[in-house]
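Peer 1: Got a sequence here, can you model it:
(chains A, B and C)
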Amino acid sequence: MEPVLKIEHLNKKFDDFTVLEDINLSIAKGEVVVIVGSSGCGKSTLLRCINGLEDINDGRVLLDGETVNPGSRNLTKSREKIGMVFQSYDLFPHKTILENAILAPMKVQKRSRKEAVEEAMQLLDRVGLASRKDSYPRQLSGGQKQRVAIVRALMMNPEVLLFDEVTAALDPEMVREVLDVILDLAKQKRTMLIVTHEMSFAKAIADRILFLDGGRIIEDSDPKEFFTSPKTERAERFLRTFEYEK
Amino acid sequence: MGFEVIFKGKNFIRLLSGLGVALRISVISVAISIALGIVIGMLMTLKKPVINAVTRVYLEIVRIMPQMVLLFIVFFGFTKMTGSNLSAELSSIIVFSFWGTAEMADLVRGCMISIPVIQYESSKALGLTRLQTYIYVIIPQIVRRLIPLSINLITRMIKTTSLIMMIGIVEVLKVAQQIIEANRKSAPKAAFGVFAAVFLLYFLACWPISCLSKYLEKKWEN
Amino acid sequence: MDQEVINSYIPLFKDAFLLTVKIGWLGIALAFLLGIVCAFILYFKIPVAKTVVRCYVELFRNTPLLVQLFFIYYGLPAVGISISAEVCGVVGLGLLGGSYMTESIRSGLEAIPVIQTESALSLGMTNGQLFKNVILPQAFTISVPGIVANVIFLLKETSVFSAISLMDLMFTAKDLIGLYYNTMESLFLLVIFYVIMLLPVSLAGTFIEKKVRFKMFGD
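Peer 2: Numbers count the residues shown, from 1 in each chain, chains lettered A, B, ... in the order given. Okay, the predicted model is just below:
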């Protein structure tokens, strides 16, 4: 099957420091790929390179066979098809929840307000926030804001969804409500690329696990295999940091 | 262009000493403003209804009354009311201190209430006494925020002192006028050069202070 | 104070008041336009223009209006550029105010976190859509308190117009004090007319700040 997203020989440097080195990756339609690795390994940068928020030094990123990065003339067109949810709550503070969801569909895709509102209400209902449609982001908890951010990304009907440590800034009791929404998306066969530190969540949702270290993909395996018997010593050390012993 | 007049005879020295008058009045007024402003600003944080009411009226008067109007009230009004003469220089110091104190008090109050409660609580949790908390934790933080803002007040004060010519004090603008008048025949374009020089002198007096204020604000941001 | 004297002075002060208000608000309008243009130049880092704007802002923020007016009104005619006192008042106030407005608007624009830009871009917005729908409305809200403070500051600065022989409130007061020695009556009317000019603006400013904040952020 033809992959939805393809990355070929991607290299990324910040000045002289190599952040990503020769990344190659194909993601099939409906596949859920989870990227793990210690902080500073380049996971977030990889996501940002995929939708062109970062320029790349070498290689290319393709969506449906069309180049997204570098220098696509249709970068904004491609970005419509790549949804992204960030770690910090990045809702537009001057818009209500509903307005946050319908702004881009109306302005970018030129859809009618009526239709956009209808879809937004369905999605907000699905994440349990329909009743908060007229609230402002400031009045919501972190978990609620993240669920709205996911709805906002879904409104564009993206082919691929990128999640950049979306629960890292949340209180523990709010992590679950956000992860449940993402699990629901996996059931709908959405294509997703997820960066996370929640290992049990990774195990539950992933079709494939990528382990990044020092800017390289050093393991690309089945989740069961990765968590029980990692191939590399580095991955084993990484996994051990999540265990506690007395 | 009339620039040659500036350096003719003692003209440049006269301009500088004119600026000196303005600077002297600024420095005295700023010193008074800072001292009184700190006291009044601290009083304002006590949340006593009477003090609050009085200071609010005071601050609102300063907020909406031009310094020029205040200067007229003191300079002309005082003489009329008491029959005795208040010198222009003393009038201006009174007015600029009245204005500066309000500005300073508002800054002090703002800085004091911007210190988060957690700073007081964690000091208490560490076993510091109330006095120690103020000396080692609160005041150093307030001072860091306050210094750049007070320095900024100095430049505003210097700019404001240009008003004193309007009540007859011979300062830089007045000296400039005299020089232009004296050279009306020999240098008809003197007005351009001399006023440009005054413009530049004020800029050179204020700009370095503004830069210092900005620099300190950045440096102590966190 | 003599009631009759006050009554006879009111028409004189009223004319002066109208002149002061007219020049004041025209100057503020000019300042606002200038501020928007200059702030955009700084925000978008337009080469050359941004250096010019920086010099202008520093020069006018660090000099008194009185000196600026003297230079424009008495200095420029010596090299052949003559403008009327009224135009000079508007231009002087506009130039001074423009430098303050630039700073207020620029700091509003720069206060918007990068993540707002990134999330708008990742939703497929163009730079134009991003600026219009995301940056501008937020920046405006943040700038409002600064803009209100500038408006009040500029209205107060109108009190130096008498220096370029405009028949404004200060001019009228000084004239009447000098001519008839009715000091208290003149000062009383001077204060009253400045209160009429500034108190509504001060109150409206506070109201607008609250209203805008609520409308934009719901608190």
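Peer 1: How about the residues of chain C by chain B?
Peer 2: C:58-59, C:61-64, C:66-68, C:70-71, C:74-79, C:152, C:156-160, C:162-163, C:170, C:173-174, C:177, C:181, C:183-184, C:187, C:190-191, C:194-195, C:198-199, C:202 (CB under 8 Å from any CB of the partner chain). Bear in mind the C-beta positions are built from the backbone N, C-alpha and C, glycine included.
Peer 1: Which of those residues fall in helices?
Peer 2: Members of the residues of chain C next to chain B lying in helices (criterion: DSSP state H): C:58-59, C:61, C:66-68, C:70, C:152, C:156-157, C:170, C:173-174, C:177, C:183-184, C:187, C:190-191, C:194-195, C:198-199, C:202.
Peer 1: Now do the helices in chain A.
Peer 2: Residue ranges of the helices in chain A, as given by DSSP H, are A:43-50, A:75-81, A:97-107, A:113-126, A:142-154, A:172-187, A:199-205, A:223-228, A:233-240.
Peer 1: Count the neighbours of C:L121 for me.
Peer 2: Using other CB atoms under 10 Å in any protein chain shown, C:L121 is surrounded by 21 other residues.
Peer 1: That one reaches A:S78, doesn't it?
Peer 2: No. Using CB atoms under 8 Å, C:L121 is not in contact with A:S78; the gap is 11.1 Å.
Peer 1: Which residue is the nearest non-sequential neighbour of A:L140?
Peer 2: Excluding its sequence neighbours, the residue lying closest to A:L140 (CB to CB, 6 or more residues apart in numbering or on different chains) is A:R132, at 6.6 Å.
Peer 1: per-residue pLDDT, that neighbour?
Peer 2: As summarised for this prediction, A:R132 has a pLDDT of 94.
Peer 1: Same check on A:I7?
Peer 2: Value listed for A:I7 in the pLDDT field: 91.
Peer 1: Provide a list of residues in contact with it.
Peer 2: A:I23, A:N24, A:L25, A:S26, A:I50, A:G59, A:R60, A:V61, A:L62 (CB atoms under 8 Å, 6 or more residues apart in numbering or on different chains).
Peer 1: what's the span of stretch C:65-79 from first residue to last?
Peer 2: One end of stretch C:65-79 to the other measures 21 Å (CA to CA, to the nearest Å).
Peer 1: buried ones in it?
Peer 2: Residues C:65-76, C:78 are the ones in stretch C:65-79 that count as buried (16 or more other CB atoms under 10 Å in any protein chain shown).
Peer 1: sorry, back to before: just to check, the residue nearest to A:L140 is in contact with A:R138?
Peer 2: No. In this structure, A:R132 is not within contact of A:R138 by CB under 8 Å, at 11.9 Å.
Peer 1: So these two - more neighbours on which side?
Peer 2: Neighbours were counted for A:R132 and for A:R138 using other CB under 10 Å; A:R132 has more, 17 against 12.
Peer 1: ok, that one to chain B distance?
Peer 2: As for A:R132, its distance to chain B is 29 Å (criterion: CB to the nearest CB, to the nearest Å).
Peer 1: contacting residues for that residue?
Peer 2: Listed by CB under 8 Å, 6+ apart, the contact partners of A:R132 are A:I97, A:L124, A:Q139, A:L140, A:Q144.
Peer 1: Which of the residues you listed has the largest number of neighbours?
Peer 2: Neighbour counts for the contacts of A:R132 (other CB under 10 Å) peak at A:I97, which has 27 neighbours.
Peer 1: so who does that one touch?
Peer 2: If you count contacts by CB under 8 Å, 6+ apart, A:I97 has them with A:L91, A:L124, A:L129, A:R132, A:K133, A:D134, A:S135, A:Y136, A:P137, A:L140, A:V148.
Peer 1: What about the third one, how many residues nearby?
Peer 2: What that stands for is A:L129. A:L129 has 20 nearby residues by other CB under 10 Å.
Peer 1: my guess is it contacts A:Q146, does it?
Peer 2: No. Contact criterion CB under 8 Å: A:L129 and A:Q146 do not qualify, at 10.7 Å.
Peer 1: so where is chain A shaky, pLDDT-wise?
Peer 2: Along chain A, segments meeting pLDDT under 70 span A:1, A:71-73.
Peer 1: Get me the contact residues on it for chain C.
Peer 2: Counting by CB under 8 Å from any CB, chain A comes close to chain C at A:51, A:53, A:76-77, A:79-80, A:82-84, A:86, A:88, A:90, A:92-94, A:96, A:103-104, A:107-109, A:135-136, A:138-139, A:149, A:152-153, A:156.
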